[in-house]
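In: Let me see the structure of the following:
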Amino acid sequence: MERLADAETLDDVPGIVDPRVQAPSNPPRRIQQKFVGASYLDAYREAERFIGAAFDRWPTGDQGEHLVLDFGSGWGRITRLLMSRLRADQIWSSDVDTQMTALLHHTLPGVNAVTNRPMPPTVFHSGSFDAVTAFSVFSHLSEEAHRRWSAEFARMTRPGSKVFITVLEENFLAQVAGAQAAVAAGEADTFATNLAAVVPDAQLALEQFRNGEFIFGGGGDDGPREQSFYGWAAAPREFVERTWGANGFVVESWIPTGELFEQAMVVLRREEAGPIARAERFARRAVNGLQRRIAR
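Out: All right, here's what the predicted structure looks like:
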C-alpha cells in the first residue's frame, strides 16, 4: 500500500481521444506489420475501404445512439476509423491479446477495450450491439471457432443489427497451390515456403472448397493465438450462409476478393433471434411464469 501511495501523481486526467481533432499515437511498425501485414498509410487505406463500405450499408436508426463492437481489434486500426465517425463511448474493442488491450487503453483513451477468450461467451449482455466489425478475423478462425462466434454474435446483437466480416475465398487456396508448385520446383522464397505449408494438398483443398467445405490449416503464433483455433481459414459462401443463417442472419452483401482488398467482405443482417437468444427468451418466460405462480 505504501508503494501505491508513493507512486507518481498525474497532473490531470487523460483526455478522451478524438482522431478528428488530433491523431492518436501509432504502435511500432513491427506490431502493425505482424497484425495486418501492412503499416501506416497502406494499413489505414485498407481499413478505410472496409469501414467506408460498412457505413454505406450501416444499420438504420440514429447513428448517434448505436453501440458498436470492433471484434478482434488488434492494435486498433479499425477502431481508430470508427472513432472518426462515432463517439468513443459508442465503441467497444475486443481482442484475445491482453497486450493489445493495454495498447488501446494507452493510445485510445476513452474507448472501451476488453480482452475476450478464444471461445465464447463474452462479457457483453444479450442484444448489446447495433453493429459488429471483424476485419481479417474469420479468415483465421477454425471451423469450430467460426461457428461458435457466429452464435455469440447472434446473442450480442438484435434484429436489425449488422455484422461486417471478411473471409478468404478460392483465390487464397489458388495462391497456396502456386506456392506448393514453387516448392516442388525448388523455386520458392521464404514467403512461398511458409504459404505452401498452410494445407497438405492445396489442389484437394480447392476441390473441397468448391464443394462448399470449410478449409482450415497452418496457424498459431508466439502469442495467445493458438493453433487449435487460429490459422488460415477459407469459408465458401454456402458455409457462411448456412452457419450464420442458423443464427438468424442473412447475407445482405458479398463483395468478392479483389474489389476492396485481398479478402471478401460479407455484410450480415440479423433478421430474427437465433437459437441461443430464443432459448434465453424461453427461459426468462418460464422463470417469470414460475414467479407469478409462486406469487399467487
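In: Helices of the stretch 51-200 of the chain, residue ranges please.
Out: For the stretch 51-200 of the chain, applying DSSP state H, counting those that start in this stretch gives helices covering 77-82, 98-107, 143-156, 170-184, 190-196.
In: C-alpha coordinates for the second one, PDB please?
Out: Provided in PDB are the C-alpha atoms of helix 98-107 (Å, rounded to 0.1, in the frame of the first residue of the first chain):
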ATOM      1  CA  THR A  98      -4.200  -8.700 -23.400                       C
ATOM      2  CA  GLN A  99      -1.200  -6.700 -24.600                       C
ATOM      3  CA  MET A 100      -3.400  -5.200 -27.400                       C
ATOM      4  CA  THR A 101      -6.000  -4.300 -24.800                       C
ATOM      5  CA  ALA A 102      -3.300  -2.400 -22.900                       C
ATOM      6  CA  LEU A 103      -2.100  -0.800 -26.100                       C
ATOM      7  CA  LEU A 104      -5.600   0.500 -26.900                       C
ATOM      8  CA  HIS A 105      -6.100   1.800 -23.300                       C
ATOM      9  CA  HIS A 106      -2.800   3.700 -23.800                       C
ATOM     10  CA  THR A 107      -3.300   5.100 -27.300                       C
END
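In: ok, the closest residue to P109 other than its chain neighbours - how many residues close by?
Out: Among residues not flanking P109 along the chain, P14 sits closest, at 4.4 Å (C-beta to C-beta, 6 or more residues apart in numbering). C-beta here means a position set from N, CA and C on the backbone, and glycine is covered the same way. As a burial measure, P14 scores 10 neighbours (other C-beta atoms under 10 Å).
In: Was I right to think P14 contacts T107?
Out: No: here P14 does not reach T107: they are 10.8 Å apart, not a contact under C-beta atoms under 8 Å.
In: Could you report the separation of Y44 from P24?
Out: With distances taken as C-beta to C-beta, to the nearest Å, Y44 is found 12 Å from P24.
In: ok, the closest residue in space to A202 that isn't next to it in sequence - contacts?
Out: Excluding the flanking residues, the one nearest A202 by C-beta to C-beta, 6+ apart is A177, at 3.7 Å. By C-beta atoms under 8 Å, 6 or more residues apart in numbering, the contact set of A177 is A202, Q203, L206.
In: okay but Y40 is in contact with P27, surely?
Out: No: using C-beta under 8 Å, Y40 is not in contact with P27; the gap is 10.6 Å.
In: Which neighbours do Y44 and P24 have in common?
Out: R80.
In: Deepest-packed of the helices of the stretch 51-200 of the chain, please.
Out: Of all these, helix 77-82 has the most neighbours on average by mean count of other C-beta atoms under 10 Å, namely a mean of 26.
In: Distance to I255 and mean pLDDT for the helices of the stretch 51-200 of the chain - can I get that in CSV?
Out: Shown next, in CSV, are the helices of the stretch 51-200 of the chain (distance: least, C-beta to C-beta, whole Å; pLDDT from 0 to 100):
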stretch, distance to I255, mean pLDDT
helix 77-82, 16, 98
helix 98-107, 27, 97
helix 143-156, 19, 98
helix 170-184, 13, 97
helix 190-196, 24, 94
